[in-house]
Each structure stands twice: as structure tokens, then as C-alpha cells.
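Trainee: Everything below, folded, please.
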Amino acid sequence: MEKTLLWEAFAALTNAEVREFGKFVRSPFFNARRQPVLLFEYLDACRRAGRLPKEEEVAEVLNKEEGGLKMRQANSALLALLEHYLAWRELAQEVGKRDIRLTEAYRKRNLPKHFTIALREAKQRREKQEWRDAEYFHELNLLEWEQYQFDTATRRTETFNLQANSDWMDTAFMARKLRLGCLAAAHQTVYRTQYRMGLLPVLLQYLEADSEGQQLLEWPAVALYYHGYCFQTQPEQAEQHFQAYRNLLSLHARQFPPDELRTLYLLAINFGIKKTNELRAGWPQATLDLYRGALELGLLLENGRMSRFAFNNIIAVALRVGELDWVERFILDHKQLLERQWREVAASLGLARVAYARKDYRTALLHLQRSDYKDLINNLTAKTLQLKIYYETDEFELLKSHLASMRTYIRRHTSIGYQRTNYSKIVQYTGQLMALDFRKADMVAKLREAVQAEEILTEKEWFLEQIGG
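Mentor: The predicted model follows:
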């Protein structure tokens, strides 16, 4: 019984949903049978008691009603009711579409006055709302379609609203297709996969070359994703499109619902991090500005928590920019937003990085000693910071021992993917740096060229600084 679709779905409900579903099952409008009610009550009792349901107990409960459903039938009946309830609940939460359904109902019942009032009020509600996302244009298209169907049933010779239907449909489609293109381009960069984007090349040409396409770009829901796609796929014009994207995002952020706005910010932030890691000038500041904007809007929180990855990335970017006082305040003010298990670890590592940037090596080492870095990447980040401190303070005996320990640690952990390559190279080049005779220009140049040629080396900038490149 515990492996049935019914129990798995039932167990996933919240307490409030179980109570609401109970009312749904008991309502004669939705269910006229007694057995689904009995089965619901049994499953509810099991859920509250924290135990799994048993088939023999279900059979006993159902057998109390004569001429009732068999266990399999009762199971199917209650699952059907649960699916009906879940679908109803999703529809009930789509407040914005209720008025569209109301206009449809009045149209089908041939109530022109009711239809006209409902349609007018639905359009007015949309004009008053702030959001101008793809869903907004889609809903306008649905309302115009209701108007068209009403008009064709009552009028024969007048001009219909097909132009408005076409315009809103084009706008909604463009926004959605470009959004999908942006997400595909971002995914392709990380996972080295390819997607066929169908009409997208034709749509881009239309937007760039046609006067009506240019008019579509006046809508932020279209323009943002257009520039977002272009800065990811057109390297030679990336900076121009990225700047246009940032400006639009700053001006029109309130036109998008929180989930979509978060996606818009993360598209830009992730691209900025990529360019920052490529040591491109200007990108760290642009990325930090985006992070600040996302922080102000509360977009980096999920269920009231900030991920440790976002927390660490903000610290890294701010340090690149040299915002030491700001990042220190950020760590102290935001560490409580992290999950408890990562809170002190992430904060101590962040403060150690700030102290290192200030050349306060003693404080940096003290911060590093205060936490147990169970996370592999945090551990390797801490070890790399120690490595840099030992080198810069000429503690070469400590550094030699540290490199041996770090090499063993990396060899033992094979689950960190490309990061294993990165940290292995950090150890390798640190060893070469220690052995380098700076009086031999050819050897210095050879090491500099090798470091510069590396594609995966997060400490490339530090190595070039030590070498003198």
C-alpha cells in the first residue's frame, strides 16, 4: 500500500492541503460514494500517526460498508479525487485567469451585457497591474480572442480585432521563445550540449531588420531576452548587449514576477562571473552591481535562505573589485541567512579571504582554523588560501608540507569533477614557483606562458602576479 501512487501523492500533501482535501472528498458535489471517504480517513490517521498504511487494514475499513467498492476500486476512486483536487487547486490559484474564464462562460451562454462588463473589467485589471511579462501579453491575446469569437457570432460585416489578436500573440510568443533561447544558451555553456532552436534565427532577423520587429523590442519582456541571448552568443558584441540588458533590467525590474526576475538577474550574474574568471576588465564591477541589485530585491533568497554558493560568489567578486569594507559588512550581515550547517564555515572562510586581501595574514590564518571545512570545495579553497599565505610570507618549509598534504587530499577525492584538475594545477604550479630561479629570464618566461595558456586555473591572476606577468 505504501508504494501506491495514491499514498505517495497523499503523503506529499501539506497539513493544510490534507484538511482541504478532506472537505473536497466529503462534498457531495465531487463525491457521492462512502468508500473514498473511509479510505481518506484511514490514510489521514496513518499520516498523523507517522505510520505506513497496510492492505489488510484498508480491506477491513472498506468492508464495513456493504455493497461498496473493492480495495483496488476505492484506491482508484480516491486517487481520481485527489488528482481532481490538485488540478482544481492549481486553477484556483490562477487568479489572473478566472476573469478570462468568466468572459468565456458569458459568451457561451449568449449574455452580451455580462460579457461586455466582464471583458472590460478584465482588461482594466491588467492595465492596473505592474507586470508586463510574457504571460501578460498572452492573457491580452486570450481576451482579444474572446472578443473576436463574440463579435463573429453577433456581427457579420464589421472589421474584427484580428490585428490586436496577432500583435499580442506575436509579443507573447517572441518573449517566450527568446526566454527559452536564453536558458538554452546558458545551459549549453555549462554542460557542452546543443539544442535546436527552430525558428529563433528567423525571429532574431525579424527583430533586427523589420520595422514591426523593432516595435516589439520596445517591450522589455522581448528586449531583455533579445539582448540576453545576444550577449551569450555574439562574443564580439557581448559587452554592448550586456550593457543594454543591465540598463533595461534596472529600469523595468518591477515589470516581472519575482521568479522570472530572479532568472533575469542570474542570467546576467552567471555571464558576469564567466567573464570575471576570464580576467576581463570591468566585468567584476558589473557583476557585483548585479549582485547588489538582486540583494536589494530579495532575489537571492529561497525559503528565506541564501545558498552558500551565492554567498561565496558575492565575496569572491567583491574581493576582485577591492570592496573590502563592503564585503566584510556583507558577511556579518548575511551569514544568518545561510543554512545552519554552513553558516560559521562560510563566514569564517569569507572573513579569512578579506583578511588575506588586507595582507593581515595572522588574522586570516586564525579565521581558517576556526571551522571544520567538511565541504570539499570550501576545504580546497581554504587550503589554497593557506598556500598563498605561506608563499607570500616565505614559510617554504610549511608550504612544502602543505603541498604534499593537499596533493594527497586531491588524489583521494575524485568526485569534484573539473575542480580536481584546477586544484591539481594550483599545487603543480606552486611547486614550480618555489623552484623557479628568477635570475633566469627564459625559465621565468616559460612558466609565465604555461600559466597564461591554462584554461582551467582559478588562481591564474595570483600566479602571474608572483611570476611578474
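Trainee: only C-alpha atoms for contact and neighbour calcs from this point on.
Mentor: Will do.
Trainee: buried sites along the strand or helix carrying Asp167?
Mentor: Under the criterion of DSSP states H and E, Asp167 resides in helix 162-191. Buried residues in helix 162-191, defined by neighbour count with 16 or more other Cα atoms under 10 Å: 165, 167-186.
Trainee: Packing partners of it?
Mentor: With contacts taken as 3 or more Cα pairs under 8 Å, 6 or more residues apart in numbering; DSSP states H and E, helix 162-191 sits against helix 134-154, helix 200-209, helix 220-233, helix 258-277.
Trainee: per-domain residue ranges of the protein.
Mentor: 5-93, 99-172, 374-469 (automatic domain parsing).
Trainee: Straight-line length of the second one, end to end?
Mentor: End-to-end distance for domain 99-172, by Cα to Cα, to the nearest Å: 19 Å.
Trainee: For the lowest-mean-pLDDT helix or strand in the chain, list every residue counted as buried.
Mentor: For the chain, counting by mean pLDDT, DSSP states H and E, helix 55-62 ranks last in confidence among helices and strands (a mean of 86). Applying a neighbour-count criterion of 16+ other Cα under 10 Å, one finds 58, 61-62 buried in helix 55-62.
Trainee: can you check stretch 20-37 too?
Mentor: 21-22, 24-26, 31, 33, 35-37.
Trainee: Quick one: mean pLDDT over that stretch.
Mentor: Here stretch 20-37 scores 94 as its mean pLDDT.
Trainee: Stretch 282-295 now?
Mentor: If you average the pLDDT over stretch 282-295, you get 94.
Trainee: could you dump it to PDB, C-alpha only?
Mentor: Coordinates of each C-alpha in stretch 282-295 appear next as PDB, following Å, rounded to 0.1, in the frame of the first residue of the first chain:
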ATOM      1  CA  GLY A 282      35.300  45.800 -16.000                       C
ATOM      2  CA  TRP A 283      33.300  42.600 -15.500                       C
ATOM      3  CA  PRO A 284      33.900  42.100 -11.700                       C
ATOM      4  CA  GLN A 285      32.300  45.600 -11.000                       C
ATOM      5  CA  ALA A 286      29.400  44.900 -13.300                       C
ATOM      6  CA  THR A 287      28.800  41.500 -11.700                       C
ATOM      7  CA  LEU A 288      29.000  43.000  -8.200                       C
ATOM      8  CA  ASP A 289      26.500  45.700  -9.200                       C
ATOM      9  CA  LEU A 290      24.100  43.000 -10.400                       C
ATOM     10  CA  TYR A 291      24.500  41.100  -7.100                       C
ATOM     11  CA  ARG A 292      23.800  44.200  -5.200                       C
ATOM     12  CA  GLY A 293      20.600  44.800  -7.200                       C
ATOM     13  CA  ALA A 294      19.500  41.200  -6.600                       C
ATOM     14  CA  LEU A 295      20.200  41.500  -2.900                       C
END
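Trainee: Which positions within that stretch qualify as buried?
Mentor: Neighbour counts over stretch 282-295 (16+ other Cα under 10 Å) mark 283-291, 293-294 as buried.
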